[in-house]
Every structure is written in structure tokens, then in C-alpha cells.
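Visitor: have a look; sequence and predicted model below, questions after that.
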Amino acid sequence: MIEATLCFLLRDGSSDCDDEVLLIEKRRGLGEGWYNGPGGKLEDGETPRECAVRETREEVGLEVDPADLEKVGELSFVLDDEAHTFCHVFRARTFAGEPRASEEARPEWVAVDDVPYDQMWEDDQLWLPGILEGDTVIGEFRFVGGEPLDEADFADHVLEWDVTFPSNC
């Protein structure tokens, strides 16, 4: 099973009250061509928080203090009745630098109301709006059809909202 992270960075938008979220267009690997937050697989000995910081730096060149990350989700992905990926989801409003493209990702600030869910994983539209509005979630998403996961069919899901995560997660 893969253990991974996603990090959603938010900022005040250009209009009076719209927030923006930093999304990346994946340039390679799982989900290539789709949008999501910066993130990736945990390395040996790395905590989820350390992974989120590292992946954000590597993919878009932004520095995030681990203490500024708020854990807001745990997502389990099941493929053909077998655990495939467990993902820790973080949100932050404080970071340093300007986003830049990398071999892995092309970053783009998007108004929260304009997130391109039609260019994302099918399950994202079920949990990401809540995360962007300030909620927390635990979710399980089932896919069928065999590898690779991004070509399998979305089958079912279960969501639990308003979850409290320990501050050391």
C-alpha cells in the first residue's frame, strides 16, 4: 500500500472575498494531466507532515513550516477490494516564495469557486469542497477495474465529516 500526502495552500483572492487554492497540473506519473494539490509518496522514515513540506518544495518551490500545516483529512483508496493508497491531507495559509513549475507539476492559483473538478479525480468533487471551506474529513473510496488506479472505475465511497485529528499528525 502507498502512503502519501496532499497539501492545499490557500490565499486571499484578487476579488474582495474569494479565496484561491494552489493546484498543480500533474506532468507525469499517477494522474498525469489532472489537477490536484502538491503531494506525493512518503519516503522511508519521513512523517506525513515532513512529506507534505518536501513535496510542496519539490513540486512548486514553496516553503511551508510544518507547524503551519493543518491536518484536515485522511483518505483511503481501495482498488478491487485491496488497499491501494492512504493519503494524509493538509491545508495551510502560510508559506514563503512564489510558485514555479517543475518537471512534476505546473502550479496555478484557482478561485475556490472555480476548481476544475472535471479535470480531477472523480472522488475529489466529493471531499475537496468541504476541505476548501474549512471542514475535515475521513473518506474511503472504492475503485474497480485493475491497475493503474487512474484508469479504474470509481465505484463507491463513505465520508465522515467534522473529524478531529491530533495536532501531532
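Guide: Perfect, I can see it now.
Visitor: which other helices and strands does the longest helix anywhere in the chain contact?
Guide: For the chain, the helix that runs over the most residues, judged by DSSP state H, is helix 48-60. With contacts defined as 3 or more Cβ pairs under 8 Å, 6 or more residues apart in numbering; DSSP states H and E, the secondary structure elements packing on helix 48-60 are strand 2-12, strand 19-26, strand 39-41, strand 82-92, strand 105-111. C-beta: built from backbone N, CA, C; applies to glycine.
Visitor: who touches the third one?
Guide: Translated: strand 39-41. Strand 39-41 is contacted by residues 2-7, 51-52, 55-56, 58-59, 87 when judged by Cβ atoms under 8 Å, 6 or more residues apart in numbering.
Visitor: can you check the first one too?
Guide: Taking contacts as Cβ under 8 Å, 6+ apart, the residues outside strand 2-12 that touch it are 19-22, 36-42, 48, 51-52, 55-56, 62, 64, 69, 72-73, 84-93, 95, 109, 112, 128, 131-132.
Visitor: 6 Å instead?
Guide: The contact list for strand 2-12 (Cβ atoms under 6 Å, 6 or more residues apart in numbering) reads 19-22, 37-39, 41-42, 48, 51-52, 56, 85-93, 95.
Visitor: sorry, back to before: please state the offset of the longest helix of the chain from the chain centre?
Guide: 11 Å (Cα atoms, centre = their mean, to the nearest Å).
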